[in-house]
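**Q** Sequence and predicted structure below; questions after.
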2 protein chains.
Amino acid sequence: MKKRITLKDIAQHFGVSIATVSKALKDSHEISTSTKTKIQDYAKSNHYKPNVTALNLLNKNTKTIGVIIPNIMNSFFAKVFVGIENIASEKGYHLVSCISNESYEKEVKTIDLLKHGSLDGLIISLAEETQVLQNYKHLTNTLNEGIPMVMFDRISEDIECDKIIVNDLESAFQATKHLILSGCKRVGLISVIDNLSVGKLRVEGYKKALQECDMRIEEKLIVRIHKNEDFETALKIVLADKTIDGLLCLEESSAVNALKLIKQMDYKIPEDMSIACFTNGKLLQYLSPSISAISQHGKHIGETAAKMLIDRIENETENKPYVTKIVKTSLIERDSTKKLN
Amino acid sequence: MKKRITLKDIAQHFGVSIATVSKALKDSHEISTSTKTKIQDYAKSNHYKPNVTALNLLNKNTKTIGVIIPNIMNSFFAKVFVGIENIASEKGYHLVSCISNESYEKEVKTIDLLKHGSLDGLIISLAEETQVLQNYKHLTNTLNEGIPMVMFDRISEDIECDKIIVNDLESAFQATKHLILSGCKRVGLISVIDNLSVGKLRVEGYKKALQECDMRIEEKLIVRIHKNEDFETALKIVLADKTIDGLLCLEESSAVNALKLIKQMDYKIPEDMSIACFTNGKLLQYLSPSISAISQHGKHIGETAAKMLIDRIENETENKPYVTKIVKTSLIERDSTKKLN
DNA sequence: ATGAAAGCGCTAACAG
DNA sequence: CTGTTAGCGCTTTCAT
């Protein structure tokens, strides 16, 4: 790397002290106009740029936020990331971003790498594996070391920090009710995220809706599909029961997969089967039929998370109590749950 | 932020010098075993972590790579990002990531923010606006300041650095030929990216294929739709010509949009109209019919870019000539271009 | 108006 | 074996 020009270089060039140069470049009144202009001109034409690392060392902050996301190919997380980036860049913060890839080990390693002083704060959504293991030591340690943290979506009650989530239970409740109101008599649930906190909450919301509508909760209608299991097989087993006429999928990809398979099985949608799902990805509106979905407002979540964190970083003295913000989802009704006349 | 423990703190605690502590923690042979163990134990139980900023200042590197991407919601860029992240984290580099949002100004601002010393290298794909303005001063400056850079996909010939691209021209050529071989007599082209270098190359490839097949190149079959123009209107104007029976879309979203509209116009696909497009997003395989697409192997591009950059960073002395790597795309044939019997 | 000195946290050469 | 010193690039008192 070509050596960058420093204050020292400029000082030597003019035979003045480093302090003078520093002040001159800051337009300090302590320095005579003539020295100031000659130094400023020289600095400019030689592309002097202050060394951020040195400033960080001095100021003990880095204007950098760490972002740990399970999977950027997931449209919800991508949207959150966009939101975080919006606010961060607006407020002059850098984003050091990592993809945990749902791995506990990667998450731990990443945090370890990040927190060694190069970071003012952290925004994180837990890896699936971490939620399964429920081992949060890497996070509590980070907090104990005084690094502010905001968790979103996949959080843990056991960690004391600011959080931002959606009303998962209620959203599932509403979506299920929507399916029932659109004519479904027997609604199944498909979860490939039963390991996640949000997955469990959504199941509860589903159950609550059934209860409220005086429909029986049948465990066999709740299909939990894990990583190593075959989606198609699992789906077909449930759908052997031909009275099922509605499906709540707890995330986008299982809805898309289900739609494809169900169409192949010669169901008509929504006539024979209605489908709704969580996470309003771009995909859903283009499918035939388009799929009704719960929008989690990812961008807004990201923006809020960034604001909360930056607020925490910049007002550390205040010692505000931790808050958990809840973002209300929106149900976007599409053809897959069209009411039949 | 709670104050982190430093070498100085440890030194004071034991009444030894900072240097001794530093060496002890490095398990230096210069230090007696007893001092080493007591210092190491104390450091461990007090969660001593070296201050990375101080080390960066000392070593004049940051183990940090800047990544500037036009839009993370685009599946190609998301895949590239995943690839970059893979390699970077494997080699112990952080990623400072920014989304330019296709804006020249954001790109310039970002680079300005990043390059002031907190960054060992940069990976970038140009914003659309930047490619239109063809103003690359922010990039050439960065290079002149000795910061290694790798450009991918949306590059400029005017910038001297390592690059990695796909064979856009040839890919379009092959896709067009594929449309023709599957029975199309008159192939239109839809470009919403005519501003981009890659867009222009793809048009050339399309033309080349027509020529080779002795088909006339008709400018009116080449639809260039810009940001402020209405996609639907533009598409319908071309499709007033009912003899068009094939469509090459230069990126994913226009293919998806076109499919939807064309289906609404009661075309049968692929019987009446075949469609192929660039960028193999997750969407395409789930549409009815599924759309044939050119995979640009984003993840591989990302990995390659990261490797090239890190190589450049870690072997700066060598002064290797700049290379442009070309990644070969793959055409994934799906139902939208099924050959008719 | 300018400069000397201390210090941010750490390392490394050199002394003792 | 341990300590002193200088220095990475910069800012900020405090002298002069």
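**A** Looks like it arrived, so ask away.
**Q** Look at the residue of the stretch 51-200 of chain A at minimum distance from chain B and say how many residues are nearby.
**A** Proximity of the stretch 51-200 of chain A to chain B (CB to the nearest CB) peaks at A:Gly146, 3.2 Å away. Just so you know, the C-beta spots here come from the backbone N, C-alpha and C atoms, and that holds for glycine as well. A:Gly146: 12 surrounding residues under other CB atoms under 10 Å in any protein chain shown.
**Q** same deal with A:Asn46?
**A** The burial count for A:Asn46: 13, using other CB under 10 Å.
**Q** secondary structure class for A:Ile294?
**A** strand (DSSP: H, G, I helix; E, B strand; the rest coil).
**Q** ok, it - contacts?
**A** A:171, A:174-175, A:276-280, A:329-332 (CB atoms under 8 Å, 6 or more residues apart in numbering or on different chains).
**Q** Which parts of the stretch 151-300 of chain A are helices?
**A** Per DSSP state H, counting those that start in this stretch, the stretch 151-300 of chain A carries helices over the ranges A:168-181, A:197-212, A:231-239, A:252-264, A:298-314.
**Q** Can you tell me which of these is nearest to chain B?
**A** Once the helices of the stretch 151-300 of chain A are compared by CB to the nearest CB, helix A:252-264 is nearest, at 5.0 Å.
**Q** Distance from that closest one to the middle of the chain?
**A** Offset of helix A:252-264 from its chain centre (CA atoms, centre = their mean, to the nearest Å): 25 Å.
**Q** ok so, going back, emit the ChimeraX select command for whichever of the contacts of A:Ile294 are buried.
**A** Those of these that count as buried under 16 or more other CB atoms under 10 Å in any protein chain shown are selected in ChimeraX with:
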select /A:171,174,175,276,277,278,279,280,329,331
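**Q** Report the two of the contacts of A:Ile294 separated the most.
**A** Among those, the pair separated by the greatest distance (CB to CB) is A:Gln174 and A:Thr279, at 14.8 Å.
**Q** pLDDT at A:Asn51, what is it?
**A** A:Asn51 carries a pLDDT value of 89.
**Q** Please apply the same query to A:Arg4.
**A** 79.
**Q** Pretty sure it sits in a strand.
**A** No. According to three-state DSSP, A:Arg4 belongs to no strand; its state is coil.
**Q** residues contacting it?
**A** A:49, A:51, B:117, B:145-146.
**Q** So which bits of stretch A:202-209 are buried?
**A** A:202-203, A:205-209.
**Q** wait, which of those is closest to DNA strand D?
**A** When these are ranked by distance to DNA strand D (CB to the nearest atom of the strand), A:Arg202 comes first, at 50.6 Å.
**Q** Setting aside sequence neighbours, what's the nearest residue to that closest one?
**A** Residue nearest to A:Arg202 in three dimensions, not counting chain neighbours: A:Ala172, with 4.0 Å by CB to CB, 6 or more residues apart in numbering or on different chains.
**Q** From DNA strand D, how far out is the nearest residue to A:Thr329 once chain neighbours are set aside?
**A** Using CB to CB, 6+ apart and skipping residues adjacent in sequence, the residue nearest A:Thr329 is A:Ser171, 4.3 Å away. For A:Ser171, the distance to DNA strand D equals 49 Å [CB to the nearest atom of the strand, to the nearest Å].
**Q** I figured A:Ser171 hits A:Lys208, correct?
**A** No. The pair A:Ser171 / A:Lys208 is not scored as a contact, 11.4 Å apart, by CB atoms under 8 Å.
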